[in-house]
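Novice: starting from these lines, generate the structure:
(chains A, B, C and D, ligands or ions: 4)
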Protein chains: 2
Amino acid sequence: MKKSGEIINKLSEQGYRLTPQRMMILSAIEDGEGHISAEEIYAQVAAKYSRVNISTVYRTLELLKRLGLVTETDLGDGRLRYHPVGKGHHHHLVCTECGAIVDLGESVLSPVKDVLLREYGFIADLRHLAIFGRCANCSK
Amino acid sequence: MKKSGEIINKLSEQGYRLTPQRMMILSAIEDGEGHISAEEIYAQVAAKYSRVNISTVYRTLELLKRLGLVTETDLGDGRLRYHPVGKGHHHHLVCTECGAIVDLGESVLSPVKDVLLREYGFIADLRHLAIFGRCANCSK
DNA sequence: ATTCTTATTGAAACTAAGTGCATCTATAAA
DNA sequence: TTTATAGATGCACTTAGTTTCAATAAGAAT
Ligand SMILES: [Mn+2]
Ligand SMILES: [Mn+2]
Ligand SMILES: [Zn+2]
Ligand SMILES: [Zn+2]
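Specialist: Ligands and ions are numbered 1, 2, ... in the order given. Here you go, the predicted model:
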């Protein structure tokens, strides 16, 4: 239930308060395999501290997003998924027909990132993207 | 208020019923500049036929999406935006700091589309993407 | 340890979008 | 033209996420 040290330090440095709610939310995000939803985070936190409110979870996720500490990704089921950036960057191919999710290295999109920076001066946030389409099985 | 012919034919061919609601929803989508929201479509249709229900708008959009006739894109404000594919493919850079939206040709992402098809057999739906990040102004 | 300031929280209202179900109607068959 | 029927609609309800605001408490100052 530890190892949120990296994020905690960042929050503290930037003057954000380290509330018990935030600590528990961070633990929930750092444990597990990533791709956790707000509702799942809430369930984990509420199990230990039932007075927590889910809007606090949403607000904390918003903060972590804004500070660039977690990525938010729509993987096609009805809820957004969160991933700590410290755990590495990658992408996903999501089949809209069968729901299959294939993992994808960071390299596929780095050329795009480079082009956008060079030609538009735009720093694209391409750290955990879901690309929708039809997988090999479903398109034959 | 016409020119929805292309989509109407497709619907009819595929055995979907041409209800007055659908016709009016199609008109709303084809008129204007694209980037229309469900609520805006509803407002336009309701002005002429006040008994329409917004769930019909959502269901029609779902259908048109599934048939590949319109694209659905999150441009960063709280509502999804719809664009008829017949009006051409392009993308957008969305600055999460100032909200600026820059248009982007189709070509920037076609190499990605090709790589995904070649290496994964995945037919990526990259027809109207919004890429988030920080624009030139906001990052200096 | 106590007080102060202000960020953060919980509660509840609110929004965009999706769903279940009874009713209705576009279309094809008679 | 009338009838039959499966698809589409309207309505009420649900869900994920956001916002407002009064109450609370983290962290700094004393
Ligand atoms: Mn992932
Ligand atoms: Mn566009
Ligand atoms: Zn598939
Ligand atoms: Zn900007």
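
Novice: is the helix or strand in which A:Ile7 is found anywhere near DNA strand D?
Specialist: For A:Ile7, the host element (DSSP states H and E) is helix A:5-13. Yes. Using Cβ under 7 Å from any atom of the strand, we find that helix A:5-13 touches DNA strand D at A:Ser12. Placement of C-beta: from N, CA and C, glycine included.

Novice: give me the contact list for that helix.
Specialist: A:18, A:22-23, A:26, A:30, A:64, A:67, A:69, A:84, A:86 (Cβ atoms under 8 Å, 6 or more residues apart in numbering or on different chains).

Novice: please redo it, this time with the cut-off set to 7 Å
Specialist: A:18, A:26, A:67, A:69, A:86 (Cβ atoms under 7 Å, 6 or more residues apart in numbering or on different chains).

Novice: where's A:Glu66 relative to DNA strand C, distance?
Specialist: Not Glu; residue A:66 is Arg. In this view, A:Arg66 and DNA strand C are 11 Å apart by Cβ to the nearest atom of the strand, to the nearest Å.

Novice: could you report the neighbour count for that residue?
Specialist: Neighbourhood size, A:Arg66 [other Cβ atoms under 10 Å in any protein chain shown]: 10.

Novice: pull the CA atoms of the helix or strand containing A:Ile131 into CSV?
Specialist: Using DSSP H and E, A:Ile131 maps to strand A:130-134. C-alpha atoms of strand A:130-134 as CSV (Å, rounded to 0.1, in the frame of the first residue of the first chain):
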residue,chain,number,x,y,z
ALA,A,130,-6.9,4.2,-27.0
ILE,A,131,-7.3,3.9,-30.7
PHE,A,132,-10.6,2.4,-31.8
GLY,A,133,-11.2,0.3,-34.8
ARG,A,134,-11.7,-3.3,-36.0
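
Novice: sheet partners, orientation included, of it?
Specialist: According to DSSP bridges, strand A:130-134 forms sheet pairs with strand A:91-95 (parallel), strand B:123-124 (antiparallel).

Novice: residue numbers of chain A in contact with DNA strand C?
Specialist: Residues of chain A lying close to DNA strand C (Cβ under 7 Å from any atom of the strand) are A:16-17, A:19, A:21-22, A:51-53, A:55-56, A:59-60, A:78.

Novice: rewinding a little: which of the contacts of helix A:5-13 has the most neighbours?
Specialist: Neighbour counts for the contacts of helix A:5-13 were taken using other Cβ under 10 Å; the highest belongs to A:Leu26, with 27 neighbours.

Novice: so which strand or helix has the nearest residue to A:Pro111 once chain neighbours are set aside?
Specialist: Spatial nearest neighbour of A:Pro111, chain neighbours left out: B:Pro111 (6.8 Å); criterion: Cβ to Cβ, 6 or more residues apart in numbering or on different chains. Under the criterion of DSSP H and E, B:Pro111 resides in helix B:110-120.

Novice: angle of that helix against strand A:130-134?
Specialist: 60 degrees (axes from the mean of the first three to the mean of the last three Cα atoms, to 10 degrees).

Novice: residues from chain A in reach of chain B?
Specialist: Neighbours of chain B within chain A, by Cβ under 7 Å from any Cβ of the partner chain: A:93, A:102, A:108-109, A:111-112, A:115-116, A:120-125, A:131-136, A:139.

Novice: which positions within the helix or strand that contains A:Gln44 qualify as buried?
Specialist: In this structure, A:Gln44 sits in helix A:38-48 according to DSSP H and E. Residues of helix A:38-48 classed as buried by neighbour count (16 or more other Cβ atoms under 10 Å in any protein chain shown): A:38, A:40-42, A:44-45.

Novice: likewise for stretch A:55-69?
Specialist: A:56-57, A:60-61, A:63-65, A:69.

Novice: let me know the closest of those residues to chain B.
Specialist: A:Lys65 (9.2 Å; Cβ to the nearest Cβ).

Novice: distance from the helix or strand of chain A with the lowest mean pLDDT to the middle of the chain?
Specialist: In chain A, the helix or strand scored least confidently by mean pLDDT, DSSP states H and E is helix A:5-13, which has a mean of 89. Helix A:5-13 sits 17 Å away from the centroid of its parent chain (Cα atoms, centre = their mean, to the nearest Å).

Novice: contact residues of chain A facing DNA strand D?
Specialist: Neighbours of DNA strand D within chain A, by Cβ under 7 Å from any atom of the strand: A:12, A:17-20, A:37-39, A:54-55, A:58-59, A:61-62, A:78-80.
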